[in-house]
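J.: Take this sequence and fold it.
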Amino acid sequence: MAVEQTTIARPYAQALFAHARDHERLGEWSESLGFLAAIMREPEMTALTTNPKVGKDMLSTILREVASDYLDQEGLNLLQLLVDNGRLSLLPTIAQLFEQLKREAEGSVDVHLTSAYVIQPAEERMLAEALKVRFGKEVRITSEKDPDLIGGMCIRAGDLVIDGSIRGRLRQLANEFRI
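T.: I've put the predicted structure just below:
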């Protein structure tokens, strides 16, 4: 996720989260945002929303038609706001940030591990326990293998990134030596 997109999407996600929490509708908004994010990931929708020949009114009409069976009036209002502000492309990022806020409120955190090798279940459990102590929350881990790291791993939890990879260390040394 691009940093600029995250910066722009964060206020939307925070406002939606606060509204959903205050009205005890976190689950409903989570589903609605997931639905909208899925729509915006479709290549046909991306082509439609980036086509300069499709005006905001036409785009709004099409999206309302597609989403009307799945969204309540507040969801449709959000959709209209994003159309009006030219921010539809942010929907997947808004949904992702909303889910992070929701998990934090529920006392858990998602952690993504990228490792130079396949992480074994026993290692994953040990890491989860260590991170649980660090964050003071339940930890849900997803992992992937990236041989380009050379060795070690990168841990990403929300905005926190811990780069313990050899590739990261080499980059750090190169920066220190101005190479």
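
J.: these two touch, right, R167 and L173?
T.: No - counting by C-beta atoms under 8 Å, R167 stays clear of L173, with 10.9 Å between them. No exception for glycine: its C-beta is placed from N, CA and C like everyone else's.

J.: who's more crowded, these two?
T.: R167 (16 against 10; other C-beta atoms under 10 Å).

J.: How many residues are close by the closest residue to E28 other than its chain neighbours?
T.: Distances taken as C-beta to C-beta, 6 or more residues apart in numbering put A20 closest to E28, at 7.3 Å, once the chain neighbours are dropped. Residues lying near A20 (other C-beta under 10 Å) number 22.

J.: tell me which element A20 is part of?
T.: helix 3-22 (DSSP states H and E).

J.: three-state assignment of L81?
T.: helix (DSSP: H, G, I helix; E, B strand; the rest coil).

J.: circling back to that earlier point, next secondary structure element downstream of the helix holding A20?
T.: Heading C-terminal from helix 3-22 (DSSP H and E), you reach helix 26-41.

J.: residues of that following helix that come out buried?
T.: 26, 29-30, 32-37, 39-40 (16 or more other C-beta atoms under 10 Å).

J.: List of residues touching it?
T.: 16-17, 19-20, 45-46, 49, 63, 66-67, 70-72, 75, 78-79, 88-89, 91-92, 94-96, 98-99, 102, 105 (C-beta atoms under 8 Å, 6 or more residues apart in numbering).
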